[in-house]
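1. Quick one, structure for this:
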Amino acid sequence: MQQRTIFTNGIFLSQARPVYQASALLPFIEQEAMSLYSRDVGIPILHFWRHKHALLLGSRDATLPGVKEVALDLTKQGIAVAVRPFGGLAVALDLGVVNVSMIIPYPPNLDEAFWMFAKWLQESCMQEGNVTIGEVDGAYCPGRFDLAIHGVKFAGIAQRRIQDVAIISAFVNVVHTVNDREGLVETFYRKAIYTQKEWPQFVPTIVRGKVGDLLIEPSLDQQCLVNQWMDVVVGHIENEAMQCLTLPPIDERYYREAYKRLIKRLRLQEWIVLDEKM
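-> Here you go, the predicted structure:
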């Protein structure tokens, strides 16, 4: 009953599953454009994307005294850094991490939509084990809608609202890669804060082993596992929604407006990886 109030006109499924190489802010500009389009047509959108290697910062992280120096150093290592338009703290991305967003125009109740999204992800992942919803102490970017399996966080959910549109987004650590995500986040805070004595409120407690991956299947191809997981989520959404539609091309004017909103109004920062081959 509650879900039908959100999907009265169906839901758009974005067929593109891009993997970004350099800019870590571009996916949010595209997300913003989708949100403006969703508002005009009155239909929700489900969208997936990944980044080769990035660190996404919360707005509070961007105020740390050494953030610019650390960000520039990370770009030299091939790690893009950007301040995302959501709340929360730093999040590490790589090819094993899938970002999935639900864009909902005119949500009847934001808390209800947030909980519905969390339950969808939980149910989509239940075949891998007992997935729980709730904050995981010691995990990076903690939140009350963390998803965990065997007590280890593999996904975090955030939300924001722009005018009459709610954007609920999750990062999901689907499979393991060679990158040390916890180490990257831990290193960022250690280097961005010159002395913890001066910035105690900015030092999150990160306990190693509290963040992991949903899937553990080393014998299968990583890309195959990621695609399989996304297909499972889409299948679950299709079973719940009244009608699933293919997202049509979005007019360029939405992208221009999205750029102005994020860059000029919110003044979001990013540090670009110049060598995309890294």
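
2. Run through the helices of the stretch 51-200 of the chain in chain order.
-> For the stretch 51-200 of the chain, applying DSSP state H, counting those that start in this stretch gives helices covering 67-76, 110-125, 181-192.

3. Give me the angle between the longest strand seen in the chain and helix 110-125.
-> The longest strand of the chain (DSSP state E) is strand 152-162. Here strand 152-162 runs at 150 degrees with respect to helix 110-125, directions being taken by axes from the mean of the first three to the mean of the last three Cα atoms, to 10 degrees.

4. Now stretch 80-89: buried residues?
-> Neighbour counts over stretch 80-89 (16 or more other Cβ atoms under 10 Å) mark A80, V81, A82, V83, R84, P85, F86, G88, L89 as buried. Yep, even glycine has a C-beta here, placed from its N, CA and C like the rest.

5. ditto for stretch 212-224
-> Going by 16+ other Cβ under 10 Å, stretch 212-224 has these buried residues: G212, D213, L214, L215, Q222.

6. and that stretch, average pLDDT?
-> Average pLDDT, stretch 212-224: 84.

7. still on that earlier bit, let's have the buried residues of stretch 80-89 in JSON lines, adding distance to S59 and pLDDT.
-> Compiled in JSON lines, the buried residues of stretch 80-89 are given as follows (distance: Cβ to Cβ, whole Å; pLDDT from 0 to 100):
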{"residue": "A80", "distance to S59": "18", "pLDDT": "96"}
{"residue": "V81", "distance to S59": "14", "pLDDT": "97"}
{"residue": "A82", "distance to S59": "12", "pLDDT": "96"}
{"residue": "V83", "distance to S59": "6", "pLDDT": "94"}
{"residue": "R84", "distance to S59": "8", "pLDDT": "93"}
{"residue": "P85", "distance to S59": "8", "pLDDT": "91"}
{"residue": "F86", "distance to S59": "9", "pLDDT": "90"}
{"residue": "G88", "distance to S59": "9", "pLDDT": "86"}
{"residue": "L89", "distance to S59": "10", "pLDDT": "92"}
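
8. ok, the nearest residue to A92 once chain neighbours are set aside - contacts?
-> In space, and not counting its chain neighbours, A92 is closest to R181: 3.8 Å by Cβ to Cβ, 6 or more residues apart in numbering. Neighbouring residues of R181 by Cβ atoms under 8 Å, 6 or more residues apart in numbering: A92, D94, V97, Y140, N173, V211.

9. Can you tell me how far the first one is from L184?
-> Think A92. In this structure, A92 and L184 are 5 Å apart, going by Cβ to Cβ, to the nearest Å.

10. Between these two, which contacts overlap?
-> Contacts common to A92 and L184, judged by Cβ under 8 Å, 6+ apart, are L55.

11. Just the contacts of R181: which are in strands?
-> Judged by DSSP E, the contacts of R181 include A92, D94, V97, N173 as members of strands.
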